[in-house]
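>>> predicted coordinates and the sequence they were generated for:
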Amino acid sequence: MKPFAFSAEPLQPASLRRSLADPRCGAFVSFEGWVRNHNDGREVRALEYEAYEQLGLKEGARIVQEAIERFGVDHAACVHRVGALALGDLAVWVGVSSAHRDAAFAACRYIIDEVKHRVPIWKKEHYADGDSGWVNCERCASHAQPPPARQAGR
Amino acid sequence: MREIQVEYFAALREHAGCGRERLRTAARTPRELFAELSRRHGFPELGPLKVAVNDEFGDWEAPLADGDSVVFIPPVAGG
């Protein structure tokens, strides 16, 4: 399977897991991110994910490759949903298979943490009170500014 | 003047009112282009932005070339 992918369809963990099976591997670790019914004290009814897929696929694949090299695991992959999701839906899946469990746990943790920080995906929450908002973009007042001059783009 | 294609996502897409636009601009860098588009669309404060040029992370001060494709990246929230 591809190291990183986006999916507009529900994720199938059993089939994703099979794609990482390998007789050399004695450990498999996965992480599932689910749609939660609350965030920052507000009741959430539904979510939308939007991705800049051309860049997201490249950055996601770089993260998975980094994890494989850094922790020496045999296989790793990540799939992230896009589109409209309901409470309890699987939003992101990470799987790692490896000879031993320590490396698999560490690589899995690395991938989900880096994906959350680096892959251009945005989450819009729809709240119980009818309001909605882009997560991490809450202070949408005055004028947007790029970072201070001289700072590199990443 | 350069012809640049700009693609918008998430909060910026909603504020621009479109997913992409093609424009002729005197902006020499992504920073100047963002300033021009911010004046036109009245973008709100979104936090620290990144920029991508031709589908790779780019530098705010790197010169733009005719035909470049630019994406301004608001703070992300995957997972």
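Nice, I can see it.
>>> residue A:88: what's it in contact with?
By C-beta atoms under 8 Å, 6 or more residues apart in numbering or on different chains, the contact list for residue A:88 reads A:34, A:35. No exception for glycine: its C-beta is placed from N, CA and C like everyone else's.
>>> you'd agree it is in a helix?
No - assessed with DSSP: H, G, I helix; E, B strand; the rest coil, residue A:88 is coil; it does not lie in a helix.
>>> how much space separates the nearest residue to residue A:83 once chain neighbours are set aside from residue A:49?
Nearest in space to residue A:83, with sequence neighbours left out and distances taken as C-beta to C-beta, 6 or more residues apart in numbering or on different chains, is residue A:8 at 4.9 Å. Computed with C-beta to C-beta, to the nearest Å, the distance linking residue A:8 and residue A:49 is 10 Å.
>>> common neighbours of those two, please.
A:81, A:82, A:83.
>>> hmm, back to that, what about residue A:8 and residue A:49, which has more around it?
Taking neighbours as other C-beta atoms under 10 Å in any protein chain shown, residue A:8 and residue A:49 compare with residue A:49 leading, 23 against 9.
>>> leaving out the residues flanking it, which one is nearest to the more buried one?
Excluding the flanking residues, the one nearest residue A:49 by C-beta to C-beta, 6+ apart is residue A:82, at 4.9 Å.
>>> verify the contact between residue A:104 and residue A:31 for me.
No - under the criterion of C-beta atoms under 8 Å, residue A:104 is not in contact with residue A:31, lying 10.9 Å apart.
>>> the more surrounded of the two?
Neighbours were tallied for residue A:104 and for residue A:31 using other C-beta under 10 Å; the higher tally belongs to residue A:104 (26 against 18).
>>> circling back to that earlier point, looking at the shared contacts of residue A:8 and residue A:49, spot the one nearest residue B:54.
Using C-beta to C-beta, the shortest approach to residue B:54 within these belongs to residue A:82, at 21.9 Å.
>>> which residues are in contact with the most centrally placed residue in chain B?
Taking C-alpha atoms, centre = their mean, the centroid of chain B lies closest to residue B:72, which sits 3.9 Å from it. Contact analysis of residue B:72 by C-beta under 8 Å, 6+ apart lists A:146, B:6, B:8, B:12, B:30, B:34, B:37, B:49, B:50, B:51.
>>> gap between it and residue A:12?
Where residue A:12 is concerned, residue B:72 sits at a distance of 34 Å (C-beta to C-beta).
>>> on that earlier part again, what kind of secondary structure is the residue nearest to the centre of chain B in?
Classification of residue B:72 by three-state DSSP places it in strand.
>>> in the sheet, who's paired with it?
Under DSSP bridges, the beta-bridge partners of residue B:72 are residue B:51.
>>> give me phi/psi at residue 53?
If you meant another chain, say so; for now it's chain A. Here is the backbone geometry of residue A:53 (degrees, to the nearest 10): phi -70, psi -40.
>>> wrong chain, I was asking about chain B
Dihedral angles of residue B:53 (phi, psi; degrees, to the nearest 10) stand at phi -120, psi 120.
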